[in-house]
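S.K.: below: sequence and its predicted model.
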2 protein chains.
Amino acid sequence: MTASAFRLSARAETVKASEIRELLKLVGRPTMISFAGGIPDPSLFALGDFQAAAREIFAGPASAREALQYSTTEGFLPLRQWLADYMGKKGVAAGPDNILVTSGSQQALDLIGKLTLDQGDTVLVSRPSYLGALQCFTSYGARFAAHDAPLDVATDPAKLLYLIPDFANPDGRTMDRGARLAALSRAERLNALIVEDAAYTDLRYDGADLPPIAALDQQQSGSIELTRTLYCGTFSKTLSPGLRIGWVCGPAALIRKLALFKQGGDLHTATFNQRLMHHVALTGFEAQIERSRITYRARRNAMLSALERHAPPALRWTRPEGGMFIWLTLPEDIDATGLLSEAIAADIAFVPGGAFFTDGSGRNAMRLSFSLADEAQIEIGIYKLCALINAPRKKRAAMGR
Amino acid sequence: MTASAFRLSARAETVKASEIRELLKLVGRPTMISFAGGIPDPSLFALGDFQAAAREIFAGPASAREALQYSTTEGFLPLRQWLADYMGKKGVAAGPDNILVTSGSQQALDLIGKLTLDQGDTVLVSRPSYLGALQCFTSYGARFAAHDAPLDVATDPAKLLYLIPDFANPDGRTMDRGARLAALSRAERLNALIVEDAAYTDLRYDGADLPPIAALDQQQSGSIELTRTLYCGTFSKTLSPGLRIGWVCGPAALIRKLALFKQGGDLHTATFNQRLMHHVALTGFEAQIERSRITYRARRNAMLSALERHAPPALRWTRPEGGMFIWLTLPEDIDATGLLSEAIAADIAFVPGGAFFTDGSGRNAMRLSFSLADEAQIEIGIYKLCALINAPRKKRAAMGR
């Protein structure tokens, strides 16, 4: 029996397994140089801190029992307080009532989709944009348009602007202060909410921090309760993705509504994990960020340098100030998805650009992550990848004539 | 600014904070005797097993890094294999491809709602039914009807039957074999899916196990791939709720679709938690169930005995063979919600029956959980509760004349 034998929801008919994800399941083999996932290097994880925190939580029976028991939907209060203080340092004055702890920031995006979107609503996004956001907003019936394209407010009343202002997934670009203010003012004109995805914000390698849109919004409106920005953060790119701890910060009235949907969605985020993360964040967050920055900065530099030395002249790429990604644009006649199977055969992986659009764009682009491979692997991988890009292009050009 | 200043989804306008949940937030104080939550007694948690498992996972760097890293949406393969074997012992022959690990069984219900329901679709339920299921199906636009009431298949094509066959939340009732077969045959006539919520199944105190609907379905259809039952299980009532590990078992074609929605929803369930639970389940699941049964059986007996001795003659209550709940029906002129604030003032908590209906029924009923209070507290609590029930009834009867 296939799933189609049953009467499913309209949204179930549209959701499809991604061929690319299926292809990338092969990436696990040890000889592979992977530029595919946006995943932190596990050798950077603060194992000693996690070990010590787990030992302490399980040391006394009262603490152990609390960590294994149900807890509140909103999240562990000391962690929410820590996160409110963290937001304060970013220029967003917030209290625990402005914070909902989520099961990774992916869940924050899903809850925001559920809170705001009806079938056919428009979400304004950067192009390209994060695959997982497109996927979950699509499941609530969203259509997409470019956040910075001319727009008729009267005929296309978008409800959400979804933006990744710092070192975006997938293209590594950073919105400058002017672009942030322009997005805010567009959101005001539309009476839309802004979803500020700050997954990579702490991983800056050059230049000065820019204020989050949430901070600019608060500067203009005077209080977080008067803002229209939902800031989504996560520990997944810094401390650990496998514990699934993210958060959303915004006006308390919206946080309360999101908590109601979370209650129906998974009751609450794992109690033990929130306590573990709170312990480790208290003692080791700054040190972890410092360690990560040093490692990833060197890898970004290695990838940029390798591209400069090995890339055929027709290639273009971004030069990110932080994060995990470089966006590589190929000549228009090269299809990156076609290239991926050849690359995997040669033990190199990346994500074809089409995955980050919903309209078939990006076929001649790819996302390269520099977070997982070390500098030597990056040098070899980029060399081989550039050779591959060169090879089929010659063939195709020859065939085209 | 209130949430209503923004344009939200239609579903956001309907979701509301439950007054009862707000009231029950007061239940934390130490003097309270709580019959409210369906929560396991934390003094039963196998602390030593969890401690040892955590130590082992964090002992080697490779294992620690894997536990803190991203993992697959479907779940940790050894845990899925353990769960497939567990299902086999219940009479459901399944492999890992028939299992999706979820962030508690609440997430399984949410994903099934998302998979199947469009605005206005009917879900057939027992009356009363689990609050959290009503809440999450409502968020996908469901209407509800009784699963065992006469139904015109042509005019009311329900998509789901949601049932808790063993020691149901909230009324403690168990569906006999005939009722299970009748539900199955109704689902076949409707071409509907069955959601079998088995949260309490392992907590049986008397009598023999009955086959899950999923097993009866498989007996009739010959293979799990030909069944229409999605079996939702959880470790929350046995090993630990705070780690948020549940699962759904069913035809692989539906499991794959559910995994796609889970990917957009929270990427995957926490890696560390799946490994921890697998360790503890391997070594201590049977012992945990045995320990829980002994404790909860004695508490159920204590509550039934206290009710027999203290309840005014007009009260009626169920006699569950397992689980955590007794359903108490009051005379029709007593409103259980009104009674709750008086009870909380007297340090006793319960959940008013209206919470388990969507149509205003159940006002003169309440759910009493016997899982958390010990026998002495149960005796005192039931004595005081019965005194309260008697008291306002006299007052009201007097006022009514």
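M.R.: Yep, that arrived. Computed from a predicted model, the values in this text were never measured in an experiment.

S.K.: list the contacts of the nearest residue to A:Phe76 once chain neighbours are set aside.
M.R.: In this structure, A:Phe76 finds its nearest non-sequential neighbour in A:Gln274, 3.9 Å apart by C-beta to C-beta, 6 or more residues apart in numbering or on different chains. C-beta here means a position set from N, CA and C on the backbone, and glycine is covered the same way. Applying C-beta atoms under 8 Å, 6 or more residues apart in numbering or on different chains to A:Gln274 gives the contacts A:71, A:75-76, A:79, A:101, A:245.

S.K.: where do the helices of the stretch 101-250 of chain A begin and end?
M.R.: For the stretch 101-250 of chain A, the helices defined by DSSP state H, counting those that start in this stretch occupy A:104-116, A:131-138, A:177-190, A:213-221.

S.K.: just say which of those helices is most tucked in.
M.R.: Ranked by mean neighbour count under mean count of other C-beta atoms under 10 Å in any protein chain shown, those are led by helix A:104-116, which reaches a mean of 28.

S.K.: want to throw the contacts of A:Gln274 into JSON lines with pLDDT?
M.R.: Output for the contacts of A:Gln274, formatted as JSON lines (pLDDT from 0 to 100):
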{"residue": "A:Ser71", "pLDDT": "94"}
{"residue": "A:Gly75", "pLDDT": "97"}
{"residue": "A:Phe76", "pLDDT": "97"}
{"residue": "A:Leu79", "pLDDT": "98"}
{"residue": "A:Val101", "pLDDT": "98"}
{"residue": "A:Ile245", "pLDDT": "98"}
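
S.K.: between those, which is nearest chain B?
M.R.: A:Ser71 (6.4 Å; C-beta to the nearest C-beta).

S.K.: you'd agree that closest one is in a helix?
M.R.: No: counting by DSSP: H, G, I helix; E, B strand; the rest coil, A:Ser71 falls outside a helix, being coil.

S.K.: count of residues packed around it?
M.R.: By other C-beta atoms under 10 Å in any protein chain shown, the residues close to A:Ser71 number 22.

S.K.: give me the subset of the contacts of A:Gln274 lying in strands.
M.R.: In this view, the contacts of A:Gln274 that belong to strands under DSSP state E are A:Val101.

S.K.: could you identify the most distant pair in the contacts of A:Gln274?
M.R.: A:Ser71 and A:Ile245 (13.1 Å; C-beta to C-beta).

S.K.: in a markdown table: the helices of the stretch 101-250 of chain A, plus mean pLDDT.
M.R.: Listed next are the helices of the stretch 101-250 of chain A as a markdown table, based on pLDDT from 0 to 100:
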| stretch | mean pLDDT |
| --- | --- |
| helix A:104-116 | 97 |
| helix A:131-138 | 94 |
| helix A:177-190 | 96 |
| helix A:213-221 | 98 |
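
S.K.: I'd like those helices as TSV, with distance to chain B appended.
M.R.: Shown next, in TSV, are these (distance: least, C-beta to the nearest C-beta, whole Å):
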stretch	distance to chain B
helix A:104-116	4
helix A:131-138	4
helix A:177-190	9
helix A:213-221	8
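
S.K.: between those, which one is nearest to B:Gly233?
M.R.: Closest to B:Gly233 of the helices of the stretch 101-250 of chain A is helix A:104-116 (C-beta to C-beta; 21.6 Å).

S.K.: how far does the closest one sit from its chain's centre?
M.R.: 13 Å (C-alpha atoms, centre = their mean, to the nearest Å).

S.K.: again, but for stretch A:167-182
M.R.: 13 Å.

S.K.: cool, and stretch A:336-344?
M.R.: Relative to its parent chain, stretch A:336-344 has a centroid offset of 23 Å by C-alpha atoms, centre = their mean.

S.K.: a helix runs through A:Ala12, doesn't it?
M.R.: Yes: A:Ala12 forms part of a helix when assessed by three-state DSSP.

S.K.: that one and B:Arg309: what is the separation?
M.R.: 53 Å (C-beta to C-beta, to the nearest Å).

S.K.: helix, strand or coil: sort out A:Ala287 for me.
M.R.: helix.

S.K.: neighbour-wise, which of A:Ala12 and B:Arg309 wins?
M.R.: In this view A:Ala12 and B:Arg309 are compared by other C-beta under 10 Å, and A:Ala12 has more residues nearby, 22 against 11.

S.K.: spatially nearest residue to the more buried one (excluding sequence neighbours)?
M.R.: Spatial nearest neighbour of A:Ala12, excluding adjacent residues (C-beta to C-beta, 6+ apart): B:Leu115 at 5.1 Å.

S.K.: okay, strands next: where are they in the stretch 201-350 of chain A?
M.R.: In the stretch 201-350 of chain A, the strands defined using DSSP state E, counting those that start in this stretch lie at A:229-234, A:246-249, A:316-317, A:325-329, A:348-349.

S.K.: low-confidence ranges in chain A?
M.R.: Under the criterion of pLDDT under 70, the regions of chain A flagged as low confidence span A:1-4, A:19-20, A:23, A:26-28, A:151-156, A:392-401.

S.K.: per the record, what domains does it have?
M.R.: Domains of chain A are assigned by automatic domain parsing as A:10-45+A:286-392, A:47-284.

S.K.: what's the end-to-end length of the last one?
M.R.: This stretch, domain A:47-284, spans 11 Å end to end (C-alpha to C-alpha, to the nearest Å).

S.K.: chain center to it: distance?
M.R.: For domain A:47-284 - counting by C-alpha atoms, centre = their mean - the centre lies 10 Å from the chain centre.

S.K.: next: the shortest one.
M.R.: Between the mean C-alpha location of domain A:10-45+A:286-392 and the chain-wide mean there is a distance of 15 Å, by C-alpha atoms, centre = their mean.

S.K.: so which residue is smack in the middle of chain A?
M.R.: With distances taken as C-alpha atoms, centre = their mean, A:Ala199 lies nearest the centre of chain A, 5.1 Å away.

S.K.: sorry, back to before: can you select the buried ones among the contacts of A:Gln274 for me in PyMOL?
M.R.: To isolate the buried ones among the contacts of A:Gln274 in PyMOL, judged by 16 or more other C-beta atoms under 10 Å in any protein chain shown, type:
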select buried, chain A and resi 71+75+76+79+101+245
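
S.K.: any chance of the contacts of A:Gln274 in a markdown table, with distance to A:Ala145 too?
M.R.: Listed next are these as a markdown table, based on distance: C-beta to C-beta, whole Å:
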| residue | distance to A:Ala145 |
| --- | --- |
| A:Ser71 | 40 |
| A:Gly75 | 33 |
| A:Phe76 | 38 |
| A:Leu79 | 36 |
| A:Val101 | 31 |
| A:Ile245 | 32 |
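
S.K.: what parts of the stretch 201-350 of chain A come near chain B?
M.R.: By C-beta under 8 Å from any C-beta of the partner chain, the residues of the stretch 201-350 of chain A that approach chain B are A:225-228, A:236, A:240-244, A:251, A:253-254, A:256-257, A:260-261, A:263-273.
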